[in-house]
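In: For reference, the sequence and a predicted model appear below.
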Amino acid sequence: MISKRDWAIFVADKYFAQFVHDSLAVHEGNNTTVAQIEDIRYCRNSPITGRLEEIFQAKRMVNCWQTMLNEVKSEKFDLSVQRLRKYQGIIAENEALLWGSFRTSAVSIRGTKIWKPIPVTELEGAYQKLLKSTQENPDKFKAGIDYYLALCDTQYFFDGNKRTAFCMMNGFLVDNGYLPLNISPEQKGEYDELMIAYYETKVKEGLYRFFAKLQENISLKFPLGKS
């Protein structure tokens, strides 16, 4: 009988391009197609269509997700600050003001009115506190969601925060035997509304329900051992 962890790895690998495509579409409005992402992943030559910056962004995202999946497979994945910075460095290379390092000044979140960033001097301590609470939470699914939301809310980096957080969260979930979560472009409106409300109120209940529904849907789509 295949283990839940091995099954989660199998699903993440087999439907890799769809997960990367949807994450890019939802978080960045990137129009790269699933077929293009497959070509990028397997280094296949294909005609370049669309905006070059979107193709380069997709290449970085493919690289990060492949790195994450390889590290989960080899049991090297963890939530260390070094890995967080490494993944953001892959995702935001030549895109952010600074990549592979925490931000050095204040940032803002589009669409919010009362959200304020924590001071840069508190970022290291905030992450260590988050890491401890994530590791100590016995409910690993909820711990993964809390981790993702905290990364998005704290905005550790100048750019690539949600993309990095989504990759890290899915690495954590898959490593703990949960199927990877996927937000489709059709769900973007609901997701965006819930995230803006969370940024301004810190209330998570709506997002807990949203992500629980995602997990329920993907579990029904890919029941254990049936591809």
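Out: It's in.
In: What is the burial count for residue 196?
Out: 16 (other Cβ atoms under 10 Å). The way it works is simple: take the backbone N, C-alpha and C, and place the C-beta from them, glycine included.
In: surely it meets residue 110?
Out: No: using Cβ atoms under 8 Å, residue 196 is not in contact with residue 110, being 9.1 Å away.
In: so where's this protein shaky on pLDDT?
Out: Residue ranges of the chain with pLDDT under 70: 47-50, 227.
In: my guess is residue 190 contacts residue 210, does it?
Out: Yes: contact status for residue 190 versus residue 210: in contact at 6.8 Å, counting by Cβ under 8 Å.
In: Which of these two has more residues huddled nearby?
Out: Shown here are residue 190 and residue 210; by other Cβ under 10 Å, residue 210 has more neighbours (19 against 13).
In: In contact with the closest residue to that one other than its chain neighbours, which residues are there?
Out: Counting by Cβ to Cβ, 6 or more residues apart in numbering, residue 194 is the residue found nearest to residue 210 once chain neighbours are left out, at 5.7 Å. Residues near residue 194 by Cβ atoms under 8 Å, 6 or more residues apart in numbering: 206-207, 210.
In: Then residue 168?
Out: 68, 79, 83-84, 87, 147-148, 151.
In: For residue 157, see how far away it is.
Out: 12 Å (Cβ to Cβ, to the nearest Å).
In: Residue 44 now?
Out: Using Cβ to Cβ, residue 44 is found at 31 Å from residue 157.
In: before we move on, what about residue 198?
Out: From residue 198 to residue 157 the distance is 19 Å (Cβ to Cβ).
In: Looking at these two, which is more packed in?
Out: Each of residue 198 and residue 157 has its neighbours counted (other Cβ under 10 Å); residue 157 has more, 27 against 19.
In: That one - nearest residue in space that isn't next to it in sequence?
Out: residue 88 is the one closest to residue 157 (Cβ to Cβ, 6+ apart), at 5.1 Å.
In: That neighbour contacts residue 102, correct?
Out: No: using Cβ under 8 Å, residue 88 makes no contact with residue 102, being 9.0 Å away.
In: Residues contacting the strand or helix carrying residue 209, please?
Out: Assessed by DSSP states H and E, residue 209 sits inside helix 205-221. The contact list for helix 205-221 (Cβ under 8 Å, 6+ apart) reads 11, 141-142, 145, 149, 178-183, 190-191, 194-195, 197-198.
In: now stretch 39-46
Out: Contacts of stretch 39-46 (Cβ under 8 Å, 6+ apart): 16-17, 35-36, 38, 55, 58-59, 62, 66.
In: Ends of that stretch, what's the gap?
Out: 7 Å (Cα to Cα, to the nearest Å).
In: in that stretch, what's buried?
Out: Within stretch 39-46, the residues that count as buried by 16 or more other Cβ atoms under 10 Å are 39-41.
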